[in-house]
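Student: Just need the structure, nothing else, for what follows:
(one chain, ligands or ions: 3)
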Amino acid sequence: MSPSVKSGKSGQVSAYVVIGSQWGDEGKGKLIDAMAAKSHGVVRFQGGANAGHTLIVEGKKTVLHLIPSGILHPQVQCFIGSGVTLDPFELIKEIEGLKSNGYLKNDSQLQISDGALLVLPFHRLLDQAREACSKSTKIGTTGRGIGPSYEDRASRRALLVRDLFSDKLKDKLQRCAEEKSFLLEKLYGQEPIDVEATYKQLCEVAEKLKPFRCRDMSLQINTMIDQGKKVLFEGAQGVLLDSFHGTFPFVTSSSTTAASACGGVGVSPLKIDHVFGITKAYCTRVGEGPFPTEQSNGAGEILQREGHEFGATTGRTRRCGWLDLVALRYAIQVGGMDQLILTKIDVLSHLDSIQVCTAYKYKGEIFKNFSFIEENIPEVEPVYETFPGWKSDISGCRKFEDLPKEAQQYIAFIARETGVEIPVISVGPDREQTFYQGEIFKDFWGSAKSAQTSITP
Ligand code: GDP
Ligand code: IMO
Ligand code: MG
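Tutor: Ligands and ions are numbered 1, 2, ... in the order given. Next comes the predicted model:
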């Protein structure tokens with residue numbers, strides 16, 4: 001779609017979805033925070049406090065789990081949509097943390113959909129008990145109760161945010177806790193759920209959440225888009241962790257594609273103008289599951305050390321490896337991306353040479369398409385192309401032409417191999433260490449940041 005043509009009523013380009021195109025931690029928080037400077041609203045549409053989105057502004061770090069990454073800009077309205085699974089206790093902690101650092105001065109800056117799911121303490125217990133049980137498949141979850149809470153939506157037992165304010169809260173809680181109490185006690189040898197104590201905790205947290213309650217989020221966001229206001233839809237996790245299209249069963253429990261932004265908030269797919277897929281210049285994964293280009297060697301250690309690859313939610317060391325273009329092309333296809341944002345290219349400055357996986361070899365045959373080979377991913381052998389390193393600090397570069405020619409070649413190769421434009425490049429963790437290029441950002445930033453040419457396929 002041309003950047004200047006808009007499907008909504010205003011004739012303005014205004015709805016941008018930003019999602020991860022790998023196994024999470026691609027730098028979504030950083031980019032949303034940077035792009036929020038020119039936006040009116042940011043909305044989270046899926047996932048929960050399993051996410052850890054890192055924002056660095058003038059050297060100061062903020063890690064967000066549930067609150068949208070636009071919150072550091074006081075003029076940006078932040079929304080938590082119905083597709084999110086929300087741990088109310090975690091949210092209150094996050095709100096208090098932001099307030100104590102001088103942010104979120106006005107409660108009206110944050111709105112929580114009445115239809116969002118609740119993660120309750122026993123969801124966490126169940127998640128952790130399953131992971132600890134040697135008989136079940138260990139996924140390496142974040143232990144934040146995400147799977148059990150989404151199960152409750154599917155089985156129609158879940159408590160939603162609006163239930164916190166209902167006089168039926170205790171009855172609903174009782175019903176929701178019943179089976180889990182049985183499982184925790186009989187299957188996992190733990191204490192049964194104390195419904196009375198949980199009820200009391202929920203009543204307390206409900207009081208604190210009251211100012212943030214929103215009953216008409218879909219209407220508000222549709223109206224913003226119709227008025228031409230810029231809205232960013234902030235994804236959590238990444239397409240390869242999608243519950244339908246990811247590396248099942250080693251996935252999260254929500255859908256992480258652009259389509260999920262529409263479902264999770266209540267907007268038509270016809271209202272989305274652009275979908276940005278964020279990709280690191282290499283790959284990481286936390287938790288279990290296949291990872292064909294993983295490097296359990298010196299190169300992997302350099303990526304892990306120089307990229308500070310530790311989980312923002314659990315602190316676990318992230319597994320590291322080379323960029324996988326087979327997986328990336330697949331993520332672009334199922335994720336619905338029309339643009340790529342490339343992050344952490346500066347981390348590659350520490351390597352003599354860089355490898356990129358362009359195909360998989362399986363039983364002597366070459367595959368360029370992830371779907372055909374999906375169930376055999378653990379056994380594929382990556383086919384690599386090797387690029388020379390540049391061995392110089394690029395974190396101060398602010399336009400494509402400033403990058404060493406080896407880095408330019410590497411980026412141009414990714415655009416060519418994926419067939420997708422790369423209008424944003426990130427060369428460091430700080431909000432300012434980003435550059436924007438091409439037509440699409442004329443709309444976004446105005447002329448100041450859009451003078452350069454885009455990296456086209
Ligand atoms: P998210 O979950 O996608 O928001 O990503 P995380 O915050 O979990 O992980 C990304 C990490 O990389 C964070 O520590 C960011 O501060 C950092 N980061 C983001 N972009 C860049 C970049 O271009 N270069 C470097 N060196 N670090 C970056
Ligand atoms: P952000 O938004 C990286 C991974 C977990 C595990 C699997 C299932 O920061 O990119 P879950 O707790 O969701 O049931 O765990 O998904 N995972 C993430 N990995 N970044 C994330 O979020 C993740 N959220 C979940 O490590 O492998
Ligand atoms: Mg993260």
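
Student: continuing past the helix or strand harbouring residue 425, what's the next helix or strand?
Tutor: When elements are assigned from DSSP states H and E, residue 425 belongs to strand 421-426. As assigned by DSSP H and E, the chain's next helix or strand after strand 421-426 is strand 434-436.

Student: which other helices and strands contact that next one?
Tutor: Using 3 or more C-beta pairs under 8 Å, 6 or more residues apart in numbering; DSSP states H and E, the elements in contact with strand 434-436 are helix 28-36, strand 421-426. All C-beta atoms are positioned from the backbone trio N, CA, C, and that covers glycine.

Student: Now tell me what touches the longest one from outside.
Tutor: Outside helix 28-36, the residues within contact range by C-beta atoms under 8 Å, 6 or more residues apart in numbering are 16, 18-20, 42, 52-57, 63-64, 68-70, 72-73, 76, 232, 234-236, 276, 278, 341, 343, 424, 426, 429, 431-432, 434, 444.

Student: Just the buried subset of the residues you listed, please.
Tutor: 16, 18-20, 42, 52-56, 64, 68-70, 72-73, 76, 232, 234-236, 276, 278, 341, 343, 424, 426, 429, 431, 434, 444 (16 or more other C-beta atoms under 10 Å).

Student: Identify the residues contacting the residue sitting nearest the centre point of the chain.
Tutor: By C-alpha atoms, centre = their mean, the chain has its centre lying nearest to residue 236, at 2.3 Å. Residue 236 is in contact with 20, 24, 28, 44, 46, 47, 48, 50, 51, 53, 254, 256, counting by C-beta under 8 Å, 6+ apart.

Student: next one: residue 341
Tutor: 18, 27, 31, 276, 277, 278, 279, 422, 423, 424, 425, 426.

Student: Check the secondary structure at it for me.
Tutor: strand (DSSP: H, G, I helix; E, B strand; the rest coil).

Student: okay, it: pLDDT?
Tutor: Reported pLDDT at residue 341 in the predicted model: 97.

Student: again, but for residue 2
Tutor: 44.

Student: do residue 10 as well
Tutor: Value for residue 10, per-residue pLDDT: 76.

Student: What distance do you get for residue 415 to ligand 2?
Tutor: 23 Å (C-beta to the nearest ligand atom, to the nearest Å).

Student: Grab the nearest non-local neighbour of residue 114.
Tutor: residue 162 (3.9 Å; C-beta to C-beta, 6 or more residues apart in numbering).

Student: Tally up the residues packed near the residue lying closest to residue 280 once chain neighbours are set aside, please.
Tutor: Excluding the flanking residues, the one nearest residue 280 by C-beta to C-beta, 6+ apart is residue 344, at 4.7 Å. Using other C-beta atoms under 10 Å, residue 344 has 25 neighbouring residues.

Student: Please list all residues in contact with residue 344.
Tutor: 27, 280, 281, 282, 307, 426.

Student: Phi, psi for it please.
Tutor: For residue 344, the backbone dihedrals (degrees, to the nearest 10) come out as phi 60, psi 30.

Student: for residue 382, same thing?
Tutor: phi -70, psi 140.

Student: Would you mind measuring from it to residue 294?
Tutor: Distance of residue 382 to residue 294, given as C-beta to C-beta, to the nearest Å: 9 Å.

Student: Between the two, tell me which one has more neighbours.
Tutor: Per other C-beta under 10 Å, whichever of residue 382 and residue 294 has more neighbours is residue 382, with 20 against 17.

Student: Return the residues of the stretch 101-250 of the chain in contact with ligand 2.
Tutor: When proximity is defined as C-beta under 6 Å from any ligand atom, the stretch 101-250 of the chain approaches ligand 2 at 139, 140, 141, 142, 144, 146, 147, 236, 237, 238, 241.

Student: circling back: report the two of the contacts of residue 344 separated the most.
Tutor: Across the contacts of residue 344, no pair lies farther apart than 282 and 426, at 13.1 Å, counting by C-beta to C-beta.

Student: Centre of the chain to stretch 301-320, how far?
Tutor: 16 Å (C-alpha atoms, centre = their mean, to the nearest Å).

Student: Check stretch 314-322 too.
Tutor: 16 Å.

Student: So what touches that stretch?
Tutor: Contacts of stretch 314-322 (C-beta under 8 Å, 6+ apart): 25, 52, 142-143, 282-287, 291-295, 299-301, 303-304, 307, 309-311, 354-357, 382, 384.

Student: now do 7 Å
Tutor: 25, 142, 282-286, 291, 293-295, 300, 303-304, 309-311, 355-357, 384 (C-beta atoms under 7 Å, 6 or more residues apart in numbering).

Student: Could you pull out the buried residues of that stretch?
Tutor: Going by neighbour count (16+ other C-beta under 10 Å), the buried part of stretch 314-322 is 314, 318, 319, 320, 321, 322.

Student: any idea which element the residue of the stretch 251-400 of the chain found nearest ligand 2 lies in?
Tutor: Closest to ligand 2 within the stretch 251-400 of the chain is residue 287: 2.2 Å, counting by C-beta to the nearest ligand atom. Take DSSP H and E as the rule and residue 287 turns out to sit in neither a helix nor a strand.

Student: What's the local residue count around the nearest residue to it once chain neighbours are set aside?
Tutor: Excluding its sequence neighbours, the residue lying closest to residue 287 (C-beta to C-beta, 6+ apart) is residue 140, at 2.9 Å. Using other C-beta under 10 Å, residue 140 has 14 neighbouring residues.

Student: Residue 54 versus residue 140, what's the distance?
Tutor: In terms of C-beta to C-beta, residue 140 sits 20 Å off from residue 54.

Student: Count the neighbours of residue 134 for me.
Tutor: 5.

Student: quick one: what helix or strand has it in it?
Tutor: Short version, using DSSP H and E: residue 134 is in no helix or strand.

Student: Which of the three states applies to the residue in the stretch 51-200 of the chain positioned nearest to ligand 1?
Tutor: Ligand 1 sits closest to residue 54 of the stretch 51-200 of the chain, with a gap of 3.1 Å, by C-beta to the nearest ligand atom. Secondary structure state of residue 54, per three-state DSSP, is strand.
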